[in-house]
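K.L.:
Attaching a predicted model along with its sequence, questions to come.
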Amino acid sequence: MSGSLGVVAPDGVPEVRPGDDLTALVVAAFPQMTDGDVVVVTSKVVSKAEGRLVPGTDRIAVLPAETERVVARRGPTLIVRHRTGLTLAAAGIDNSNVEAGTLALLPLDPDVSARTLRRALAERTGRNVGVVVTDTAGRAWRTGQTDIAIGAAGIVVLDDHAGRTDSYGNPLAVTAPAVADELASAAELVQGKLTGRPFALVRGRGDLVLPRGLDGTGARALVRAEGEDLFGYGAREAVVRALAGRPEDRLPFGAPAAAAEVAAAVELVTGTAPRERDGALVCADDPRLPPLAMAHGWAVEPALDGLTPSAAAETTIRPATP
C-alpha cells in the first residue's frame with residue numbers, strides 16, 4: 001500500500017465582494033467534487049463575502065476591537081491574542097489582496113463560516129465534504145509563515161495518537177498531528193499568495209472527513225486555552241507584566257508551579273534557599289519576590305498586620321488562588 005494526496009487550486013475565480021454567494025463560487029470551481037474531499041478556502045474571501053471589510057490603511061486604529069490582549073510587541077509589530085483565541089500579528093488584519101484603502105478583518109467566527117459552507121455544499125451538490133478556512137501565521141522559533149486552519153467543519157482537526165503504539169511497540173502519549181493545519185499548508189502550496197486562487201480541493205484524506213450531519217470540534221479545538229500555553233507573553237512582556245503585578249495579567253502565566261520549581265527559582269534569584277511551611281515557601285525578604293512569585297503562578301502573602309514586611313523580615317509566598 002502507498003499513500004497519496006491530490007491538491008488542486010483552479011484559476012479563474014472571480015473577485016469576491018460583500019454579499020457574494022461563496023457556495024456557488026466553490027461549486028463552480030470544483031464540478032467534480034466528491035464525498036471525502038476537503039474544500040479549503042482562504043479567510044480573505046470568506047471575509048470579503050461576509051462584508052468584513054473596513055475603510056482605511058491604519059491597522060492599529062482597528063486593532064483594539066479585534067484584540068483580547070497583547071502578547072508581544074517589537075517596534076511597530078504587535079502580536080496579539082485575537083478575540084477568537086488565535087495568536088496572530090496585528091490580529092490578522094490585512095491590507096493585501098483587497099482594494100487600496102481597505103482593510104480585511106478575520107471572519108467573525110471562522111468555524112461558523114466553515115459549517116455554513118459545508119451545509120450549503122451538501123444541499124447543492126449532495127456531497128459530504130470537509131471544509132477548512134485558512135489564514136497565514138508566523139511561528140515561534142521559525143522564520144517565514146505557513147497557512148493554518150482557523151475554521152473547520154466536518155473534519156477531524158487533531159489526530160490524537162495517545163494510547164497507540166509505534167512499529168517498535170513504544171506507547172505514544174503526546175503525539176497529535178494537527179491535520180487541519182497540515183491540510184491548510186498543503187493547499188497553500190498550490191494556491192499561492194498572488195495567483196488569485198482562493199479555493200483548493202484536497203483529495204486522498206477522506207478518512208478525516210466526518211459523516212453527514214457531524215461538524216466536529218472545529219478549528220477552535222486547536223487553540224490552547226488561556227494559561228495553558230508555555231509562551232503566554234513575549235520575553236519582554238513577561239518581565240513587564242510580572243513587575244507590574246496586576247491581577248488581570250496573571251492568567252497567561254499559567255497554573256501555579258510546583259513548590260520545588262519555585263524554591264529553585266527563589267534561590268537562583270535571591271541567593272537564599274526558602275523553607276517550606278504548610279504548602280507555602282518562607283523566603284528572606286527581597287523586593288524581587290512579588291514578580292518572581294507572579295511569574296510562577298504564586299503570590300506574596302500579606303503580612304499579618306497588613307503592612308509591608310521590613311527589610312529584615314521574611315516573606316511568605318504561596319500558590320495563587322483563582
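P.N.:
Received the coordinates, thanks.

K.L.:
looking at it, Ala299 is touching Arg318, isn't it?
P.N.:
Yes: with contact defined as CB atoms under 8 Å, Ala299 reaches Arg318; the gap is 6.9 Å. Where C-beta positions appear, they are placed from N, C-alpha and C, glycine not excepted.

K.L.:
Quick one: end-to-end distance for stretch 35-45.
P.N.:
End-to-end distance of stretch 35-45: 24 Å, with CA to CA, to the nearest Å as the criterion.

K.L.:
buried sites along it?
P.N.:
Gly36, Asp37, Val38, Val39, Val40, Val41, Thr42, Ser43, Lys44, Val45 (16 or more other CB atoms under 10 Å).

K.L.:
Could you pull up the mean pLDDT of it?
P.N.:
Per-residue pLDDT values across stretch 35-45 average out to 98.

K.L.:
Next one, pLDDT for the nearest residue to Leu158 once chain neighbours are set aside please.
P.N.:
Using CB to CB, 6 or more residues apart in numbering and skipping residues adjacent in sequence, the residue nearest Leu158 is Ala176, 5.4 Å away. Per-residue confidence (pLDDT) for Ala176: 92.

K.L.:
and the gap between Ala176 and Asp160?
P.N.:
5 Å (CB to CB, to the nearest Å).

K.L.:
again with Ala264
P.N.:
33 Å.

K.L.:
for Gly51, same thing?
P.N.:
37 Å.

K.L.:
same check, this time on Pro319
P.N.:
For Pro319, the distance to Asp160 - CB to CB - is 30 Å.

K.L.:
higher neighbour count, these two?
P.N.:
Just comparing Pro319 and Asp160: by other CB atoms under 10 Å the higher neighbour count belongs to Pro319, 18 against 12.

K.L.:
what sits against the more buried one?
P.N.:
Pro256, Gly279, Gly297, Trp298, Ala299 (CB atoms under 8 Å, 6 or more residues apart in numbering).

K.L.:
Would you mind giving those residues as a markdown table with distance to Ser96 and neighbour count added?
P.N.:
Output for the contacts of Pro319, formatted as a markdown table (distance: CB to CB, whole Å; neighbours: other CB atoms under 10 Å):
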| residue | distance to Ser96 | neighbour count |
| --- | --- | --- |
| Pro256 | 43 | 17 |
| Gly279 | 53 | 8 |
| Gly297 | 40 | 17 |
| Trp298 | 44 | 24 |
| Ala299 | 45 | 20 |
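
K.L.:
What count of nearby residues applies to Gln32?
P.N.:
Counted with other CB under 10 Å, Gln32 comes out at 8.
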